[in-house]
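Novice: Provided below are the primary sequence and the corresponding predicted coordinates.
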Amino acid sequence: MSAFLTLIQTRLRQRAAYARTRAALRSMPLDVAIDLDIYPLDADRLAAKAVYGR
């Protein structure tokens, strides 16, 4: 049971990190995003890669 709760906690932390990262990427000013070579509509994909490694 302990392993299951640990897994749930880990997944919840990852989901929160994903949501924060995605929100930060979406709210980034366009000129900054262009300088970093980030397309704002790719925020979901970039956040997933940063948090989950995929």
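Specialist: Thanks, I have it.
Novice: next, residue 38: phi, psi?
Specialist: phi -120, psi 130 (degrees, to the nearest 10).
Novice: ok, it touching residue 24?
Specialist: No: counting by CB atoms under 8 Å, residue 38 stays clear of residue 24, with 10.9 Å between them. Glycine gets a C-beta too; all of them are placed from N, C-alpha and C.
Novice: ok, the two, which is more surrounded?
Specialist: residue 38 (15 against 11; other CB atoms under 10 Å).
Novice: dump the residue contacts of that one.
Specialist: By CB atoms under 8 Å, 6 or more residues apart in numbering, residue 38 lies in contact with 25, 28, 46.
Novice: measure it to residue 8 for me?
Specialist: Per CB to CB, to the nearest Å, residue 38 is found 32 Å from residue 8.
Novice: quick check: closest non-adjacent residue to residue 14.
Specialist: Nearest residue to residue 14 in three dimensions, chain neighbours excluded: residue 51, at 5.5 Å (CB to CB, 6 or more residues apart in numbering).
Novice: all helices for this structure, in order.
Specialist: 2-27, 30-35, 43-52 (DSSP state H).
Novice: measure how far the last one is from the centre of its chain, please.
Specialist: What that stands for is helix 43-52. 4 Å (CA atoms, centre = their mean, to the nearest Å).
Novice: which residues are contacting it?
Specialist: In contact with helix 43-52 (CB under 8 Å, 6+ apart) are residues 14, 17-18, 21-22, 25-26, 38, 54.
Novice: try it again with 10 Å
Specialist: 13-28, 33, 38-40, 42, 54 (CB atoms under 10 Å, 6 or more residues apart in numbering).
Novice: distance of the nearest residue to residue 17 once chain neighbours are set aside relative to residue 39?
Specialist: The shortest distance from residue 17 to any non-neighbouring residue, by CB to CB, 6+ apart, is to residue 51 (4.9 Å). With distances taken as CB to CB, residue 51 is found 18 Å from residue 39.
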